[in-house]
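[1] Give the three-dimensional model of this entry:
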Amino acid sequence: MASLSRADVEHVALLARLGLTDAELALLEGQLNHILDQYQVLSRLDTDTIPPTAQVIELENILRDDAPRASLTPGEALAGAPERAGDYFVVPVVVEGAD
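    Here you go, the predicted model:
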């Protein structure tokens, strides 16, 4: 597998609209070539007996069951509010001209 030249890295940076310094370009060139070298090592492995997969780890549902339950009372919901008016939060105005 061919390695990337400095010009290749500069071209990719240009396409990605990245303004990189000379030091960053040199660092990125080395890192990208290292990644390509690792893919070359992996390409030598025999994967004929390994079935194709869409996920590399098993997926499992980590969410709880959606079961109905009692909600908070207004007093519980507003217990930590810095300011309230009855059963409502008082917040600063965020829309200009809406005094």
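
[2] hmm, who's touching the helix or strand containing L14?
    Under the criterion of DSSP states H and E, L14 resides in helix 6-15. Helix 6-15 has contacts (C-beta atoms under 8 Å, 6 or more residues apart in numbering) with 19-20, 25-26, 28-29, 32. (Glycine included, C-beta is placed from N, CA and C.)

[3] From the residues you listed, list just the buried residues.
    The neighbour count (16 or more other C-beta atoms under 10 Å) marks 20, 28-29 as buried among those.

[4] tell me which of those is nearest to S5?
    S5 has its nearest neighbour among the buried ones among the contacts of helix 6-15 in E29, at 7.8 Å by C-beta to C-beta.

[5] Can you tell me, leaving aside adjacent residues, what's nearest to the closest one?
    Spatial nearest neighbour of E29, excluding adjacent residues (C-beta to C-beta, 6 or more residues apart in numbering): V9 at 4.6 Å.
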